[in-house]
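K.L.:
When you get a sec, could you give me coordinates for this:
(one chain, ligands or ions: 1)
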Amino acid sequence: MTLRDKMHQELQLKTLFDQAKGYAYDYAEAAEQRNVFPSTQAITDLERFVEVLPTQSGDASTILHQLHEYGSPASVAQTGGRYFGFVNGGILPITLATKWLTDFWDQNAALYVMSPISARLEEICEGWLKEIFGLPDETAASFVSGTSTAIVCGLAAARYRLLLNQGWDFNRQGHNGAPPLRILAQRETHSAVVKAIALLGFGLDNIEWVDCDAQGRIIPEKLPELDSTCIVLLQAGNVNSGAFDPFEVICRRANAAGAWVHIDGAFGLWAAGSERLKHLTGGIQGAHSWSVDGHKTLNTPYDSGISLCRDREALVAALQASGAYIMYSENRDGMLYTPEMSRRARAVELWAALKYLGREGIDELIYGLHQRARQFAEELSAAGFDIVNEVVFNQVVVSASEQDAETQLILEEIQASGECWVGGSVWQGRKVIRISVCSWVTSAEDVSRSVAAFLAARHQACGK
Ligand SMILES: *Cc1c(COP(=O)(O)O)cnc(C)c1O
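P.N.:
The predicted model follows:
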């Protein structure tokens, strides 16, 4: 049989897909029971993937079997209720099902003519997102891999506009001899923002750092005089404390000076979707660009990032591409708004999430994450752990001991227990354990069970 015949048969018989479906269901069932982080055995078994590049075409069913046998156990059970690492969101069932269906579509979302359905849903998502976040009508959305790329889009647009205002066409004239721009970032800025600054060639040494308070919020009085060469970087949701900057006062000053404000709200921008939390995002509409993820707070599948920019012209100009074969149309061509050309149609899952949840569901999801975080803080505090941050959103920063070494030991014990997974960080010079409640699955019982794991780990590590 030729390779082509073999693949046709796989498509027609569909047993391969049934096999995958069966494994997926097994996985979902087992994930709730097993260690959140893979066992030592599962990690050791990854060696089985090490081999020389095969010479001949393999058997599809065997390959899939190998992946399930040795790959599934070596994955992190992030879709369960007791994963609190980084800020990694869960996955809504409707978006998972949507992803399965649309995997069969295998759309390229670059141009309207490549995928009318993707182009249309991008447009619809753009409108809905503006409504949820309360952003100006003229705001354009880009659907990218994550917030890291979304920040690059926002800063590229900022650079293009601020330089053009000074008569400098960055696309044509480039860096050499360009009028200097000032980058002002608050001290607790996320590393993804710092990366974007370096990547775009602004130079890390040129950042004017602005001091923050103990929660990681920028102190407006510390912001120097602004002018029309300034790009100000603010944050909705500090990656450790979850803190939100005071947007209104800073955006007002920036706008008066002709400066550009970018707000990185990877997970925190979603606070705007909850009646009881939206005060945290007050004043964000005064900024010029925003970055946010679908794959964190909203619980869409990976990967799903969104760049929002009120200056559509600057965004499109900054990300422009050209090629004689490209067929721009009357309709939305997604690639005008993204650094990439070929791109998966991730807006379809985003659309499904928003349509499924509706305003009330979004509120319930987001406020639920906050409630679980509060519960975590209360139960840990009652058990003698020190909660270092104000739990304003979904993040809890915990110090387990006066001594950093002890906190580290306790952290390692918790991770090794397999009961839950939390990460570590350094906050205000102190070793801390950070908890991010980011999945719809997490229940009150999951939180209590995880708190019990904290207690057992402390006992194990320090006999207390
Ligand atoms: C996660 C995160 C990022 C990076 O987002 P990716 O989607 O991982 O690229 C940037 N900023 C903040 C505050 C984040 O939490």
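
K.L.:
I'd like to know how many residues surround the residue of the stretch 101-250 of the chain found nearest the ligand.
P.N.:
Shortest the stretch 101-250 of the chain-to-the ligand distance, computed as C-beta to the nearest ligand atom: residue-wise this is residue 146, at 2.7 Å. To be clear about C-beta, it is placed using only N, CA and C from the backbone, and glycine gets the same treatment. The number of residues packed near residue 146 is 20, by other C-beta atoms under 10 Å.

K.L.:
and the gap between it and residue 92?
P.N.:
For residue 146, the distance to residue 92 (C-beta to C-beta, to the nearest Å) stands at 18 Å.

K.L.:
and stretch 253-268, which residues are buried?
P.N.:
253-254, 259-268 (16 or more other C-beta atoms under 10 Å).

K.L.:
mind listing which of the residues you listed are in strands?
P.N.:
Applying DSSP state E to the buried residues of stretch 253-268, the entries found in strands are 260-264.

K.L.:
ok, now how distant is residue 299 from residue 95?
P.N.:
When C-beta to C-beta is applied, the distance between residue 299 and residue 95 equals 7 Å.

K.L.:
what residues do those two have in common as contacts?
P.N.:
Shared contacts of residue 299 and residue 95 (C-beta atoms under 8 Å, 6 or more residues apart in numbering): residue 353.

K.L.:
mind listing what whichever residue of the stretch 251-400 of the chain sits closest to the ligand touches?
P.N.:
Each residue of the stretch 251-400 of the chain has a distance to the ligand, by C-beta to the nearest ligand atom, and the smallest belongs to residue 266, at 3.3 Å. With C-beta under 8 Å, 6+ apart as the criterion, the residues that contact residue 266 are 87, 146-147, 190, 192, 237, 239, 291-293, 296.

K.L.:
same check, this time on residue 140
P.N.:
With contacts defined as C-beta under 8 Å, 6+ apart, the neighbours of residue 140 are 126, 308-310, 312, 315-316, 337.

K.L.:
Which of the residues you listed ranks first by neighbour count?
P.N.:
residue 309 (31 neighbours).

K.L.:
What distance do you get for that residue to residue 337?
P.N.:
With C-beta to C-beta as the criterion, residue 309 and residue 337 are 8 Å apart.

K.L.:
and for these two, which residues touch both?
P.N.:
The overlap between the contact sets of residue 309 and residue 337 (C-beta under 8 Å, 6+ apart) consists of 140, 142, 153, 315.

K.L.:
Run through the bridge partners of the first one.
P.N.:
Beta bridges link residue 140 to residue 309 when assigned by DSSP bridges.

K.L.:
For the stretch 351-464 of the chain, which segments count as strands?
P.N.:
For the stretch 351-464 of the chain, the strands defined by DSSP state E, counting those that start in this stretch occupy 386-387, 395-399, 423-427, 430-436.

K.L.:
contacting residues around the shortest one?
P.N.:
So that's strand 386-387. For strand 386-387, the external contacting residues (C-beta under 8 Å, 6+ apart) are 377, 380-381, 396-400.

K.L.:
What of the second one?
P.N.:
Counting by C-beta under 8 Å, 6+ apart, strand 395-399 makes contact with 87, 237-242, 373, 376-377, 380, 385-389, 407, 425, 427, 430-437, 454, all of which sit outside it.

K.L.:
quick one on the thing from earlier: so who does the residue of the stretch 101-250 of the chain closest to the ligand touch?
P.N.:
The neighbours of residue 146, taking C-beta under 8 Å, 6+ apart as the test, are 266, 293, 295, 303-305.

K.L.:
any chance of those in JSON lines, with secondary structure too?
P.N.:
Formatted as JSON lines, the entries for those read as follows, by DSSP: H, G, I helix; E, B strand; the rest coil:
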{"residue": "266", "secondary structure": "coil"}
{"residue": "293", "secondary structure": "strand"}
{"residue": "295", "secondary structure": "coil"}
{"residue": "303", "secondary structure": "coil"}
{"residue": "304", "secondary structure": "coil"}
{"residue": "305", "secondary structure": "strand"}
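
K.L.:
a markdown table for these, including pLDDT?
P.N.:
As requested, the contacts of residue 146 are exported to a markdown table (pLDDT from 0 to 100):
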| residue | pLDDT |
| --- | --- |
| 266 | 98 |
| 293 | 98 |
| 295 | 98 |
| 303 | 97 |
| 304 | 98 |
| 305 | 98 |
